Structure formats: C-alpha cells, structure tokens
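got a sequence here, can you build the structure:
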Amino acid sequence: MADEDISYSVESEEQLWNELNRAVATQCPAEAHETIDDALRSWLYLASRCRDDFSQSEDDVVSCSQSLLQGCLFHTNPEYVRTQIIYSLLQEDEAGPLYIIASFLLLDGLADEATFKRMIQEGCFYRLLELINDRKEDDPGLHRLLLELMYEMSRIEQLRLEDLLHVDDGLVTYLFQLIEGLSDDVHDPYHYPVIRVLLVLNEQYMVASTTAMNDPTAPAAPLTNRVVKCLSLYGPHYRTFGENIILLLNRETETSLQLLILKLLYLLFTTKATYEYFYTNDLRVLLDVIIRNLLDLPNELMALRHTYLRVLYPLLAHTQLNQPPHYKKDEIQKLLKLLVGSSNVHFAPVDETTLRLVDRVSKVKWLSDEGAGASEVARKFLGISLSQTDVASNVSVVDVAAVTEKPGVQTPSRKAEVEAAEVKNDLTDLSSGGETKEAPKPGRPKKPLPEVPKHRHGIPYVPPGLENGTRGSSVKKAPPKAPPPRRKGRIKHTTTSETVKSISELV
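The predicted structure follows:
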C-alpha cells in the first residue's frame, strides 16, 4: 500500500479527520479490491499525517485504528483488509506508516486472536525482530509499540522453529541492556514491554523443547534457551531484570503473566549457574509473595497452585534461602499443613498432585522436622496412602511448560470472594426489611450496689422536728412567708427614748 499517488492538501486537523472518516466509510462490493486498496492507502496516509504533523498523542493514533475497525471499509471484507495490512508490515520501512500499521494490528489482534495467528503464519515474527533491532534510537514510541505487538502475538500460539532460530544472543543481550539502561526510572514505559518479551521468549523455548522430546522428526541438536543462557553467563550484570519480575509477580493479577514469570523462575532455580542470580532480600520478598498467593488462591485453580509449589521447592532448596538464619520457616510449615488440609476443614479435598508437591517441599533439609512429610500427614488426617512413586516427585520442565491460560483472564482472590459474599449478605439483609436487631442475650443478674453511708462520721445530727422520720416522709415543708412590702415613704426618725419595734410586731 504505497502512498506515492496520494496527494492531499491537508491544512487543518479538522480537515484531516473529515477526510479520514470519509476514507473508512467507503462502501463497495467485497470483490472490489482496487477500491479497497485505494481507500486503505488514503487512510494510512492520513493517519500517518495525523501523528507526524498534527498530534503526537497515542490516543489519536488509536482513534485512527479504531475508526478503520468500525468503518464500512473494514466490514466489507475483513480478511482482505487484514491481509493487506499484514503485507504492509512486511514491506514498509518508514516510521510513520509503520506506527499506524502496528497500532492497527495490535488493536485488531486483541479483539480477534486470529489476527495474531495469521501474522505468525505470514512470518511477521522475524520481521518484528528486525524492526526492534533497528528502531530504538529512531523512534522510541514505535519501538515500544513493536515490543508490545511481539509480546501479544507470541503468547497466543506456539512459534515456528525457524522463527526461534532467528533469535540470537545479540538480540537477547540487547533487551537485557535496555532494562539496565532504564533501571533508574521504574515508571519508564520501556520497562515492562521489554520484560514481557523476554518472558514470552523463555516460554516459547520451553514449549519448543518439550515438543521436540515427543517429535521424532525434530532435529537432534536441542534448541538453546538464549534467555537462560544469557543470565547464566552474565547474570550479575542484569540483576535489574530479576528485581522487576519479582515486583511484577507481586502486583500482577493476570493469570497468564503470572505463569510466564513462574516458568522462568523455575528454570532459574533448577539451573545451577543461576541458583544465586537474585539478591537474598529479593528472594525473601519472592517467598512472601508465593506464601501470600498460595493462601489466597481459590480451590479450583489447581494448575496455578501446582506451578507455585513447583517453584517453591527449588527456591527453598537451591538458593541462598537454604542458609541460616532460615527465613519464614514456621510460616512455610503452617502453609504446607494448610494446603494438605490438616488444620482447616473449610478447604476442599486435596488432590494427589498437591499432596505430592507439598511432600516434596516439606522434605527440604532445613525445613523438615524429623521427616514428617505430606505422605504422613495424608495418612494420619485424610486416610490417604501415597505410594513411593506418588511421594517421589516426577516434576519436570514438561509439567511447568504445559500450564497455560488465555490472555486477559484475571486470577480470582479467595479474600475478595469472602468480602464479596459478606457484602452480598449485608445487601440481602437490608433489602429484606432493614437490619434486624438481635434479641438481647440473657445475662447474669446484677448485684445490688452497696448502700452509701449517710454520714462519714457516724450518726448525723437530726434537728428536733425531724426525729420521727419527717425527712424521708411525703410531707413537704411549708415555704417561708413573704416579707412585707417596702414602704414608699421615708422612715421617720424617732427619739432615743423610743423603743424600736421588732419586725414581728410590725406585721
């Protein structure tokens, strides 16, 4: 979809949007490929002009892609439009059109996974590798978008073997160096797109290796996991990556991304060269996160629980956590007892895989107490007898690699479910007629208070007229008589020989 023949005199942003809306609203028969191509060229040219000349906002670029997805032009023949845009990704070299193309494919692929599968079939993975290697300095925004597109495309379906063979040590090292270069700013938009690409590449290596084990036509030479290889050789130089994946696991609620992190952690803790890749404090944080998540997982998420337990064993057995002082030993033992149901009757019956994995963790040397494992707990509390083949862990990289989840699925929380149930019960009580007051519970009879003494110095003095109990009787004292009215005239002066009458006599 070259745009050499497109010539618009776009002088304002309003005119640009009018022309773009007119292009995506083109109506034509599904077989009119030339008309569709002309309209797509117009849309691509105008959307590129929007980003280059009028707006650097990512929201405006997304609006351009959204307008095409919702327009009549796309719905006329969706498969043909997707094919043309995929071919444009394979051929385009200019940053402006590439940004628009990548934005559309990302938006369309998130809505319909068939787009990402079609991109893999058409060889877009190798093309994205080339663009990611070359576009960091030219256009940081485009580089980040290409990383996001590669991540979303690669986690939908298994890549072809020839695609993985194009990944070399130079690319993986380059991605680790990007993370180290951004280590001073954890909010930099490059951090997590780069980390996610490395995580999904590791998963693709794991899936490819397990598939080759069961495929007689696979090449004899095993495929090298270049992510683990780079950390095995140069791990101390790239510790920022390790810190970030622990932080990401701590706050991530998407199940598929949790599994991506756990799969890499499993390989790092079972590869001798990377036993001590993480700092000790980071390992303690990771242990806290695993304990919290295992306690919070609902009963039905057995696959995710099994993966956490498979990571927990090598974490405790192979890393610095096996050295004294042993961190959270009591909490780990309580967790294991909870998981096998020995101290909580509210948990569902435990499956044999969980029992086997818990038994394996409980037999870590510094954690075990006189050899009491999950097999003994199961026999004593649940009436289940595990054979030696069941107790011995048959865990391999195949089991870890096989656990998958659809993108976007959020991990439910046991705590959140309990809180939601309590809120629902409260709402039910309110809707049924308000809060009902509980009947007062019968309590113990109150003891009478001690009598307060009437006088602290013995028997108080009683006036003569109150000897017969008048003070406590119902007879009230008569109020005193009112004084006589004041005389208005002056008082006449009397002689000294006259006697002064008392007030009683005057009355």
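
hmm, Lys117 and Glu157 touching each other?
Yes: in this structure Glu157 lies within contact range of Lys117 using C-beta atoms under 8 Å: 5.3 Å. C-beta: built from backbone N, CA, C; applies to glycine.

skip the chain neighbours and tell me the closest residue to Leu260.
Nearest residue to Leu260 in three dimensions, chain neighbours excluded: Leu199, at 4.2 Å (C-beta to C-beta, 6 or more residues apart in numbering).

if you could redo that for Leu16, that was the one I meant.
Nearest in space to Leu16, with sequence neighbours left out and distances taken as C-beta to C-beta, 6+ apart, is Val10 at 4.9 Å.

so that neighbour sits against Leu46, correct?
Yes: with the criterion set as C-beta under 8 Å, Val10 and Leu46 qualify as a contacting pair; they are 7.3 Å apart.

quick one: common contacting residues for those two?
Both Val10 and Leu46 are contacted by Leu16, Glu19, under the criterion C-beta atoms under 8 Å, 6 or more residues apart in numbering.

which one's more surrounded, those two?
More crowded of Val10 and Leu46, by other C-beta atoms under 10 Å: Leu46, with 25 against 18.

ok, and what's touching the helix or strand harbouring that one?
Secondary-structure element containing Leu46, defined by DSSP states H and E: helix 33-49. Outside of helix 33-49, the residues that reach it under the criterion C-beta under 8 Å, 6+ apart are 1-3, 5-6, 8, 10, 16, 19-20, 23-24, 26, 28, 61, 64-65, 68, 73, 76-77, 80-81, 84-85, 88, 94, 96-97, 99-101.

just checking, what packs against the very next helix or strand once past it?
Heading C-terminal from helix 33-49, the first helix or strand you meet, by DSSP H and E, is helix 58-70. Contacts defined by 3 or more C-beta pairs under 8 Å, 6 or more residues apart in numbering; DSSP states H and E place helix 58-70 against helix 13-24, helix 33-49, helix 95-111.

contacts for helix 58-70?
Helix 58-70 has contacts (C-beta under 8 Å, 6+ apart) with 20-21, 24, 43, 46-47, 50-51, 54-55, 74, 81, 99-100, 103-104, 107-108, 111, 141.

which of these are buried, as a PyMOL select command?
This is how PyMOL selects the buried members of these, with burial counted by 16 or more other C-beta atoms under 10 Å:
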select buried, resi 20+24+43+46+47+50+51+55+74+81+99+100+103+104+107+108
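
quick one, longest helix in the protein?
Scanning the chain for the longest helix, with DSSP state H as the assignment, gives helix 191-213.

what angle do the helix or strand that that one is followed by and helix 191-213 make?
Past helix 191-213, heading to the C-terminal end, the next element that is a helix or strand (DSSP H and E) is helix 226-234. Between the direction of helix 226-234 and that of helix 191-213, the angle (axes from the mean of the first three to the mean of the last three C-alpha atoms, to 10 degrees) works out to 110 degrees.

got the buried residues for helix 226-234?
Applying a neighbour-count criterion of 16+ other C-beta under 10 Å, the buried positions in helix 226-234 are Arg226, Val227, Val228, Cys230, Leu231, Ser232.

low-confidence regions, the stretch 251-400 of the chain specifically.
In the predicted model, the stretch 251-400 of the chain carries pLDDT under 70 at residues 342-348, 369-399.

residue ranges of the helices in it, please?
Taking DSSP state H, counting those that start in this stretch to define them, one finds helices in the stretch 251-400 of the chain at 255-270, 280-296, 302-318, 329-339, 352-362, 374-377, 388-391, 397-402.

who does the third one touch, helix- and strand-wise?
Counting contacts by 3+ C-beta pairs under 8 Å, 6+ apart, helix 302-318 is packed against helix 255-270, helix 280-296, helix 329-339, helix 352-362, helix 397-402.

what is the orientation angle of it with helix 280-296?
Inter-element angle recorded for helix 302-318 and helix 280-296: 150 degrees (by the same axes, to 10 degrees).

ok, the first one next?
Here helix 255-270 runs at an angle of 130 degrees relative to helix 280-296 (the same axes, to 10 degrees).

quick revisit: in ChimeraX, select just the buried ones from the contacts of helix 33-49.
Selection of buried members from the contacts of helix 33-49 for ChimeraX, criterion 16+ other C-beta under 10 Å:
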select :1,3,6,10,16,19,20,23,24,26,28,61,64,65,68,73,76,77,80,81,84,85,88,96,97,99,100,101
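
turn the helices of the stretch 251-400 of the chain into CSV, including distance to Leu171.
CSV is the format used below for the helices of the stretch 251-400 of the chain (distance: least, C-beta to C-beta, whole Å):
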stretch, distance to Leu171
helix 255-270, 17
helix 280-296, 26
helix 302-318, 27
helix 329-339, 39
helix 352-362, 35
helix 374-377, 43
helix 388-391, 43
helix 397-402, 22
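
got the ones you listed as CSV, with mean neighbour count and distance to Leu131 columns?
Converted to CSV, the helices of the stretch 251-400 of the chain look like this (neighbours: other C-beta atoms under 10 Å; distance: least, C-beta to C-beta, whole Å):
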stretch, mean neighbour count, distance to Leu131
helix 255-270, 23, 23
helix 280-296, 17, 33
helix 302-318, 21, 33
helix 329-339, 17, 46
helix 352-362, 21, 42
helix 374-377, 22, 50
helix 388-391, 12, 50
helix 397-402, 18, 28
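
pull out the buried residues from the strand or helix carrying Asn244.
In this assignment (DSSP H and E), Asn244 forms part of helix 239-251. Using 16+ other C-beta under 10 Å as the burial criterion, the residues of helix 239-251 that qualify are Arg239, Thr240, Phe241, Gly242, Glu243, Asn244, Ile245, Ile246, Leu247, Leu248, Leu249.

check which helices and strands it is in contact with.
helix 169-181, helix 191-213, helix 255-270, helix 280-296.

which residues are contacting the last one?
With C-beta under 8 Å, 6+ apart as the test, helix 280-296 has contacts from 242-243, 246, 249-250, 258, 265, 278, 305, 308-309, 311-312, 315-316, 319-321, 327-328, 331-332, 335, 338-339, 413-415.

try it again with 7 Å
Taking contacts as C-beta atoms under 7 Å, 6 or more residues apart in numbering, the residues outside helix 280-296 that touch it are 242-243, 246, 249-250, 305, 308, 311-312, 315, 319-321, 327-328, 331, 335, 339, 413-415.

of the buried residues of helix 226-234, closest to Thr353?
Val228 (25.5 Å; C-beta to C-beta).

against Ile261, how distant is Arg226?
18 Å (C-beta to C-beta, to the nearest Å).

just for this protein, where's the confidence low?
Filtered on pLDDT under 70, the chain yields the residue ranges 1-8, 55-56, 135-137, 183-190, 215-221, 342-348, 369-399, 401-507.

again, 50 this time
Along the chain, the model assigns pLDDT under 50 to residues 2, 4, 342-346, 370-375, 377-395, 435-438, 467, 469-470, 472-473, 493-507.

tell me the contacts of Val197?
Counting by C-beta under 7 Å, 6+ apart, Val197 makes contact with Leu147, Met150, Tyr151, Leu175.
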